[in-house]
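Novice: how would this look folded up:
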Amino acid sequence: MSGEKPTEGLIPEGLVVSNLHGEIGGILTVSGVVERSNIKAGKLMISASGMMRNGSVDAEEVTIAGCVSNVLLCVSRLNVMRTATMSDCVIEISHATGFSVHENAHFDGEIKLTTKRHEISVISQSQATLERDMSAIRVGNMVNTDIEADIPLGD
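Specialist: Residues are numbered from 1 along each chain as shown. Down below sits the predicted model:
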């Protein structure tokens, strides 16, 4: 361990920041207003007095207690607190279990929630056999397309 403290950032209440673009490895707390953002952070906290609109966030963890409008959130974990208001947002979560919403949180407009799927390439025995058989039929640049194959689909 290097013993270095993670970077922290604060946008205090009363401050309005437009066109915020950048990356912070630690925690960014928004208590003011952020407009037109493109932020990458380890953790993002939007406090009850904070507001974020018209932007995108890529973070490991986001906690929303304030207002978020028209924002794309790409996160591993999202916590929507009791005082939160979200409207017209797209939320991409990398884990289906990484999403919690307080029952009193408020949603307006269209909210789209998706889970990001990681593509894993797994070749079954039948696929490997078919690929081997197909490669044996190739002659030059031509491939015989009139092949019938029995491919077991499993149980």
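
Novice: what are the ranges of the helices in the chain?
Specialist: Using DSSP state H, the helices found in the chain span residues 125-137.

Novice: Point out where the chain drops to low pLDDT.
Specialist: Scanning the chain with the threshold set as pLDDT under 70 gives 1-6, 117-155.

Novice: Strands along that one, start to end?
Specialist: Per DSSP state E, the chain has strands spanning 8-11, 16-18, 21-30, 33-46, 51-64, 67-80, 85-93, 99-101, 106-115. These are given in chain order.

Novice: Against residue 109, how distant is residue 45?
Specialist: Applying Cβ to Cβ, to the nearest Å, the value for residue 45 to residue 109 is 23 Å. The C-beta positions use only the backbone N, C-alpha and C, and glycine is treated the same way.

Novice: could you redo the strands of the chain as TSV and give each row mean neighbour count?
Specialist: Shown next, in TSV, are these (neighbours: other Cβ atoms under 10 Å):
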stretch	mean neighbour count
strand 8-11	16
strand 16-18	11
strand 21-30	17
strand 33-46	20
strand 51-64	20
strand 67-80	19
strand 85-93	18
strand 99-101	14
strand 106-115	12
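
Novice: ok, residue 52 - contacts?
Specialist: Applying Cβ atoms under 8 Å, 6 or more residues apart in numbering, we find residue 52 in contact with 30, 33, 34, 35, 37, 46, 66, 67, 68, 69, 71.

Novice: where's residue 102 relative to residue 80, distance?
Specialist: Taking Cβ to Cβ as the measure, residue 102 falls 6 Å from residue 80.

Novice: Same check on residue 28?
Specialist: Going from residue 28 to residue 80 by Cβ to Cβ gives 17 Å.

Novice: ditto for residue 18
Specialist: Distance of residue 18 to residue 80, given as Cβ to Cβ: 25 Å.
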